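[1] Have a look; sequence and predicted model below, questions after that.
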Amino acid sequence: MVFAKRSAKDLIVGKIPFLIALAVLTLLPLLNVGGFWLDVLTKVNLFLLVTLAIDLYSGTTYYLNLGVSFTFGFAGYSLALLNVYYGIPTEYSMLLAIPISIFFSLAILLPSLKIRGVYFAILSLLVPIIFIGIVTAQPFSLYLGGEGGLRFKQLFLDFARSLPPGIRLTFLQYSYYYISLAAAVVGYVIAYKIGFSDFGFMLRAVGQDEELAEGTGINTLKVKVIGFLISSAYASVAGALYASMRPPVTVDLVVPANTLIPPLTSVIVGGLGTLIGPAIANYLLLLTYELLWGLIGRWRVIAYMLLLIIIITIKPQGIVFKAYVEARKFLRGVFSE
Amino acid sequence: MSEILGCEKVTKRFGGLTALNEVSLSVVKGEIFGIIGPNGSGKTTLLNVITGLIRLDEGRILLDGRDITKLKPHERVKLGIARMFQGMRVFPYLPVYLNVELVARSIYGDVRLARARTSWALTMSGLLPEAGELPIRLTPYKLRMLEFARILVSNPKIALLDEPFAGLTPDEAEAMIGLIRKFNSLGVTFVIVEHKLRYLMRIANRVAVLNQGVKIAEGRPEDVVRNPQVIEVYLGVS
Ligand SMILES: Nc1ncnc2c1ncn2[C@@H]1O[C@H](COP(=O)(O)OP(=O)(O)OP(=O)(O)O)[C@@H](O)[C@H]1O
Ligand SMILES: [Mg+2]
């Protein structure tokens, strides 16, 4: 991966795929794609934030934070608890849940930042697993809803009820979709700015040789903490938005197989630390997964896993970013003619 | 003659192995100070202790009279200690200019100043044409120059070089000597670790000899190489 300075033309050509994707995602719902696909796309937009959370931190520093699904789910639980026990409406508790989840993620996961390599990954994976244990065990399950989860009014429900019955559901689906799209776009632009700033390169320096980074003047602990904070913010925003749209909040939000493995796969297949690769992979993989349901039903799990195994075996460094670079070279050729 | 870097009875143990045993050094402002010793004698460990990458068990490190023993490595860099690591150590997937610029950014904060210092350091070490390349494309000599640029960019008071001549051809080593002399004359103090004596003897004002973590001799190069104890451990004559 070369991160050299870009020429002006590079930048323009680089923006074209982004603008096309943005246009497609903005106009798609107007083509009457149906409620199912709108829901799926909403989810995929929000999962982009989780993918970026992983790529911004783990994709650059190689500190594999598997606790992302904890942060994601904890934001959901914070939202639900504020709602259920303090009567704060979803619209506000959703916003409050974000800093709470960031704070707890930092408090719980930061001490393990001193631990390097695979041990950090294992420790961080314990966090969501312990949380699931807590939520489902007595006496906590009484307050945290246990397996059934915590119920609350979903985002904008009160407002939707003031609308004619025929358009209530449609209103909710479209508003959720565009909120998720806005979050995805803003999230991506900010992630790109951070990822390719000097700070982003310091994260990469830590990943490539932490001792060298510290020994040549980089405050590696500070860089790691700030990187972790940004990553947690992404996962928290995603979790709070996701939960607000799909009550009840259950441990499903925290289960790594649901909210960690899919975005992590996008990062690996997309190309670590490239941001654009994982972002594209996020849409390709998650949409493929849903498409497979229509094609082969329950067999999709096996088919999907086979597909992943093949991709990762052929190109462990991430296939999507490479493909993207090739496509851009081609585009540049077209443009210079 | 004022001291710029002092090590006072520095001791470092790795489990049962005493890598440094009450080593004391006093490096004078403006000199080129050599550290020699056979493989595993503790030279790199001493540099690690000076830069703070390894915590020492006993003793103190002083920079300009100030006790820096408890400071973190990046804080010591800001105070003026720069380091070239043994073996070529660079960020392999960051372009040459970023390898240097990140150091400048973390020292000066200010982007403009960091960029200006980076271009200057790259020019000085002859790396401007390769600024956008990845380090993997560089020859060993150019890699050394990259490490040298990283030292220059931090505007150090003292530069610690760990085997800077390793892997260089005689001509390249001469060029390296030229650079060291040049920046020494501009006021940078150098501490140079080598176990090959050939080049060090020509540029060092004083040399200390380590053996199994103990400083066994110190003095002018020509005196040190005649010291019987040094000859014994160093040349393996028993
Ligand atoms: N981090 C470490 N953990 C355990 N032992 C270490 C560590 N670093 C160095 N040592 C041991 O300390 C001793 C001194 O090592 P050091 O690297 O300082 O030697 P050196 O003089 O630089 O040798 P060389 O000429 O080979 O570079 C060696 O026996 C080495 O194995
Ligand atoms: Mg050594």
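    Cool, got the structure. Ligands and ions are numbered 1, 2, ... in the order given.
[2] can you tell me how far the closest residue to chain B within the stretch 201-337 of chain A sits from ligand 2?
    Closest residue of the stretch 201-337 of chain A to chain B, Cβ to the nearest Cβ: A:Gly217 (3.6 Å). In short, each C-beta sits where N, CA and C put it, glycine included. Distance of A:Gly217 to ligand 2, computed by Cβ to the ion, to the nearest Å: 21 Å.
[3] and what of B:Tyr93?
    25 Å.
[4] correct me, but that residue touches B:Arg137?
    No - using Cβ atoms under 8 Å, B:Tyr93 is not in contact with B:Arg137; the gap is 11.9 Å.
[5] what about those two, which has more around it?
    Neighbour count, other Cβ atoms under 10 Å in any protein chain shown: between B:Tyr93 and B:Arg137, B:Tyr93 has more, with 17 against 11.
[6] domain parsing for chain B?
    Chain B is divided into the following domains under automatic domain parsing: B:1-80+B:156-238, B:83-155.
[7] Is chain A within reach of the longest one?
    Right, the one you point to is domain B:1-80+B:156-238. Yes - contact of domain B:1-80+B:156-238 with chain A (Cβ under 8 Å from any Cβ of the partner chain) involves B:Thr51, B:Leu53, B:Lys72, B:Pro73, B:His74, B:Val77, B:Lys78.
[8] so what's the residue in the stretch 101-250 of chain A that ligand 1 sits nearest to closest to, chain neighbours aside?
    Here the stretch 101-250 of chain A gets closest to ligand 1 at one residue, A:Glu211, 10.4 Å apart by Cβ to the nearest ligand atom. Among residues not flanking A:Glu211 along the chain, B:Leu53 sits closest, at 6.1 Å (Cβ to Cβ, 6 or more residues apart in numbering or on different chains).
[9] I'd like the distance between the residue in chain B positioned nearest to chain A and A:Val50.
    The nearest approach of chain B to chain A comes at B:Val77, 3.6 Å away (Cβ to the nearest Cβ). Using Cβ to Cβ, to the nearest Å, B:Val77 is found at 36 Å from A:Val50.
[10] more neighbours, the two?
    The neighbour comparison of B:Val77 against A:Val50 (other Cβ under 10 Å) goes to A:Val50, with 29 against 25.
[11] who's in contact with the more buried one?
    A:Val68, A:Phe72, A:Tyr234, A:Ala235, A:Ala238, A:Thr259, A:Leu260, A:Pro263 (Cβ atoms under 8 Å, 6 or more residues apart in numbering or on different chains).
[12] In chain A, what helix or strand scores lowest on average pLDDT?
    In chain A, the helix or strand scored least confidently by mean pLDDT, DSSP states H and E is helix A:319-336, which has a mean of 74.
[13] Sorry, wrong one. I was asking about chain B.
    helix B:228-234 (a mean of 83).
[14] residue nearest the centroid of chain A?
    Most central in chain A under Cα atoms, centre = their mean is A:Val50, positioned 1.2 Å from the mean C-alpha point.
[15] Excluding sequence neighbours, find me the nearest residue to B:Ala104.
    Looking at B:Ala104 with Cβ to Cβ, 6+ apart, the closest residue is B:Ala114, at 3.8 Å.
[16] The one you found and B:Leu102, how far apart?
    9 Å.
[17] if you count what's nearby, which of the two comes out ahead?
    B:Leu102 (26 against 20).
[18] Test my guess that B:Leu134 contacts B:Leu98.
    No - using Cβ under 8 Å, B:Leu134 makes no contact with B:Leu98, being 9.9 Å away.
[19] Those two: who's more crowded?
    Each of B:Leu134 and B:Leu98 has its neighbours counted (other Cβ under 10 Å); B:Leu98 has more, 25 against 20.
[20] Over to that one. Which of the three states is it?
    Of the three states, B:Leu98 takes helix under DSSP: H, G, I helix; E, B strand; the rest coil.
[21] Name the nearest residue to it, sequence neighbours excluded.
    In space, and not counting its chain neighbours, B:Leu98 is closest to A:Phe201: 5.5 Å by Cβ to Cβ, 6+ apart.
[22] how many neighbours does A:Val301 have?
    When neighbours are defined as other Cβ under 10 Å, A:Val301 has 13 of them.
[23] and what of B:Glu172?
    17.
[24] And the one 5 residues further on, by the same measure?
    Taking other Cβ under 10 Å as the neighbour definition, B:Ile177 ends up with a count of 16.
[25] For it, which non-adjacent residue is spatially closest?
    Distances taken as Cβ to Cβ, 6+ apart put B:Ile203 closest to B:Ile177, at 5.8 Å, once the chain neighbours are dropped.
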